[in-house]
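Trainee: let's see this in three dimensions:
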Amino acid sequence: MLSAFVSALRTPDLRRKILIALGLIALYRMGATLPSPGVDYGNVKYCIDQVSGGDSAGIYQLINLFSGGALLQLSVFAIGIMPYITASIIVQLLTVVIPRFEELRKEGQSGQTKMTQYTRYLSVALSVLQATGLVALASRGQLLRGCDRDIIADNSVFGMVIIVLVMTAGAALVMWFGELITERGVGNGMSLLIFAGIAARIPGEGKAILDSRGPLVFAMVCGAAFLIVVFVVFVEQGQRRIPVQYAKRVVGRKMYGGSSTYLPLKVNQAGVIPVIFASSLLYLPNLIVQLTSSSNAVDPSWWQKIVQQYLVNPGNPVYIAIYFGLIVFFTYFYVAISFNPEERADEMKKYGGFIPGYRPGRPTADYLSYVLSRITLPGSIYLGAVAVLPNLFLDLGASGGAQNLPFGGTAVLIMVSVGLDTVKAIESQLMNRNYEGFLK
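Mentor: So this is what the prediction gives:
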């Protein structure tokens with residue numbers, strides 16, 4: 001593996017891609033620690049230390065984890081990548097509803113470019129909305145409850161507008177960083193930025209667990225994280241290989257085809273996208289409640305009571321059930337969007353390929369749909385189980401819950417999946433240049 005890494009760095013084109021990705025990730029982490037203008041950074045750090053160990057941030061702990069701690073610190077990149085992810089969810093949902101979006105999806109690269117443009121516009125709009133809500137919560141003292149210090153130094157309308165504009169610009173810049181890594185770097189840019197945010201919190205959270213719980217609990221947490229990593233790698237590498245044969249064709253004086261290969265269908269065909277989708281949607285009800293409720297209200301409305309009782313505490317069984325159900329739903333939804341059995345069947349038929357025992361065309365598409373539905377079920381259950389497993393052991397968390405714990409299931413799942421995908425992307429670049437890859 002080390003020789004393959006040296007070969008990757010010796011290849012000028014691949015070395016430039018790796019350095020571009022690392023440079024953009026470094027800029028992202030720098031912006032995640034840069035305070036927004038008008039925010040009292042000293043009071044923010046004091047409040048975070050004061051409320052540490054409670055559930056003051058509630059549902060925002062997981063979003064804070066994705067941003068690498070930038071959300072609760074109200075930094076320039078506090079909004080992070082979540083508006084883009086939420087916009088992607090909405091656009092993909094509208095693809096099923098709006099015929100125009102369905103036509104754009106079928107137009108190939110030009111249609112995809114137009115869909116990406118719509119996603120960017122919606123991301124900026126959501127960034128403005130989320131930045132406004134975050135600043136409003138911070139000014140009212142509802143972001144970090146239990147702290148009596150003012151987080152916003154300038155509570156005037158002009159000062160808060162400046163903070164909202166800076167955070168919106170930061171979200172747009174993060175979106176550009178992610179697209180630039182995908183285009184000119186290696187791997188998926190959005191996933192790598194989330195990976196960097198989670199990895200940046202591991203040393204601090206590990207030290208906090210060691211100091212607060214002792215070496216024994218720290219060793220138990222590390223052991224559990226190692227077992228989860230092994231399990232995730234095992235499932236992520238699992239796939240169902242469907243044999244495909246190609247008939248012989250004579251073109252001019254040459255004969256093509258006659259080969260046999262296979263169509264790989266991964267057990268976890270959707271990757272970590274369902275977990276991110278479910279997490280980004282689950283915090284919206286709590287955000288709406290906090291923005292619409294008054295701090296002096298004695299009798300909250302019935303829907304505010306429901307949200308505060310069931311959708312704030314990650315250890316609540318209703319919260320766990322909803323989170324698990326959203327992951328299963330988005331797994332099936334994303335697989336249905338990303339893998340079309342009819343298109344695959346038409347492609348095989350076009351090039352003379354067929355699955356032994358099944359006629360080309362509709363029978364092949366039905367068989368692919370049947371196999372895909374069979375392997376998506378255990379894949380969705382696996383994703384949901386790994387994501388909600390730490391919620392059952394909240395007492396091991398050092399900073400207010402397992403969702404904020406980088407050793408937790410969601411964090412480990414994202415880091416391992418993104419790491420494997422990035423290694424495979426670098427390996428494919430090496431294979432194209434006749435070098436040995438990382439995975440032997």
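
Trainee: dump stretch 126-142 to CSV, restricted to CA.
Mentor: Extracted in CSV, the C-alpha atoms of stretch 126-142 (Å, rounded to 0.1, in the frame of the first residue of the first chain):
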residue,chain,number,x,y,z
LEU,A,126,-31.7,27.6,2.2
SER,A,127,-28.4,29.1,3.4
VAL,A,128,-30.1,32.5,4.0
LEU,A,129,-33.0,30.8,5.8
GLN,A,130,-30.8,28.6,8.0
ALA,A,131,-28.3,31.4,8.8
THR,A,132,-31.2,33.7,9.8
GLY,A,133,-32.6,31.0,12.0
LEU,A,134,-29.2,30.2,13.6
VAL,A,135,-28.6,33.9,14.3
ALA,A,136,-32.1,34.4,15.7
LEU,A,137,-31.6,31.4,18.1
ALA,A,138,-28.2,32.7,19.2
SER,A,139,-29.5,36.2,19.9
ARG,A,140,-32.4,34.8,21.9
GLY,A,141,-30.1,32.5,23.9
GLN,A,142,-31.8,29.3,22.6
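
Trainee: helix, strand, or coil at P264?
Mentor: strand (DSSP: H, G, I helix; E, B strand; the rest coil).

Trainee: and it, bridged to which residues?
Mentor: R241 (DSSP bridges).

Trainee: in the stretch 201-350 of the chain, which spans are helices?
Mentor: 215-237, 273-282, 284-292, 302-310, 317-338, 341-350 (DSSP state H, counting those that start in this stretch).

Trainee: how about these, which one is nearest T410?
Mentor: helix 273-282 (5.8 Å; C-beta to C-beta). (Glycine included, C-beta is placed from N, CA and C.)

Trainee: now the closest one, how far from the centre of its chain.
Mentor: 7 Å (C-alpha atoms, centre = their mean, to the nearest Å).

Trainee: likewise stretch 417-430?
Mentor: 17 Å.

Trainee: what lies in contact with that stretch?
Mentor: 4, 7-8, 11, 14, 17-18, 186-188, 191-192, 194-195, 232-233, 236-237, 268, 271-272, 436-439 (C-beta atoms under 8 Å, 6 or more residues apart in numbering).

Trainee: hmm, who's touching stretch 122-137?
Mentor: Applying C-beta under 8 Å, 6+ apart, the set of residues contacting stretch 122-137 is 71, 74, 78-79, 82-84, 86-87, 90-91, 143, 152, 160, 163-164, 167-168, 171-172, 175, 287, 290-291.

Trainee: quick one: the host helix or strand of G419 to chain centroid distance?
Mentor: For G419, the host element (DSSP states H and E) is helix 409-432. How far helix 409-432 lies from its chain's middle: 14 Å, per C-alpha atoms, centre = their mean.

Trainee: orientation of that helix relative to helix 273-282 in degrees?
Mentor: Using axes from the mean of the first three to the mean of the last three C-alpha atoms, to 10 degrees, the inter-axis angle of helix 409-432 relative to helix 273-282 is 140 degrees.

Trainee: list the buried residues for helix 409-432?
Mentor: Judged by neighbour count using 16 or more other C-beta atoms under 10 Å, the buried positions of helix 409-432 are 409-423, 426-427, 429-430.

Trainee: for my notes, confirm P37 occurs in a strand.
Mentor: No. The assignment for P37 by three-state DSSP gives coil, which leaves it out of any strand.

Trainee: low-confidence regions, the stretch 251-400 of the chain specifically.
Mentor: 251-258, 286-287, 289-304, 307-310, 312-315, 392-400 (pLDDT under 70).

Trainee: the stretch 101-250 of the chain now?
Mentor: In the stretch 101-250 of the chain, residues with pLDDT under 70: 141-146, 249-250.

Trainee: how about 90 then?
Mentor: For the stretch 101-250 of the chain, the stretches with pLDDT under 90 are 101-119, 126-127, 129-161, 163-164, 167, 179, 182-250.

Trainee: can you give me the strands in it?
Mentor: Shown for the stretch 101-250 of the chain, the strands assigned by DSSP state E, counting those that start in this stretch span residues 239-246, 249-251.

Trainee: what helices and strands are in contact with the longest one?
Mentor: By that I understand strand 239-246. If you count contacts as 3 or more C-beta pairs under 8 Å, 6 or more residues apart in numbering; DSSP states H and E, strand 239-246 packs onto strand 260-266, strand 353-354, helix 362-388.

Trainee: just the buried ones from the contacts of stretch 122-137?
Mentor: Buried by 16+ other C-beta under 10 Å: 71, 74, 78-79, 82-84, 86-87, 91, 143, 152, 160, 163-164, 167-168, 171-172, 175, 287, 290, out of the contacts of stretch 122-137.

Trainee: scan the chain for its longest helix.
Mentor: Taking DSSP state H as the criterion, the chain has its longest helix at helix 109-139.

Trainee: that older thread, deepest in the core, which of the helices of the stretch 201-350 of the chain is it.
Mentor: helix 273-282 (a mean of 23; mean count of other C-beta atoms under 10 Å).

Trainee: show me what that one packs onto, helices and strands only.
Mentor: Counting contacts by 3+ C-beta pairs under 8 Å, 6+ apart, helix 273-282 is packed against helix 60-66, helix 82-97, helix 317-338, helix 362-388, helix 409-432.

Trainee: hmm, L210 is touching F218, no?
Mentor: Yes. Under the criterion of C-beta atoms under 8 Å, L210 makes contact with F218 at 4.5 Å.

Trainee: re the thing from before, so for the helix holding G419, mean pLDDT?
Mentor: For helix 409-432, mean pLDDT rounds to 79.

Trainee: M160 against S139, yeah?
Mentor: Yes. Using C-beta under 8 Å, M160 is in contact with S139, at 6.5 Å.

Trainee: common neighbours of the two, please.
Mentor: Shared contacts of M160 and S139, counting by C-beta under 8 Å, 6+ apart, come down to I152.

Trainee: quick check: end-to-end length of stretch 148-166?
Mentor: 25 Å (C-alpha to C-alpha, to the nearest Å).

Trainee: distance from that stretch to the middle of the chain?
Mentor: With C-alpha atoms, centre = their mean, you get 29 Å for stretch 148-166.

Trainee: now stretch 167-183
Mentor: Centroid separation for stretch 167-183 versus its chain: 15 Å, with C-alpha atoms, centre = their mean.

Trainee: how about stretch 176-189?
Mentor: For stretch 176-189, the distance to the chain centre is 15 Å (C-alpha atoms, centre = their mean).
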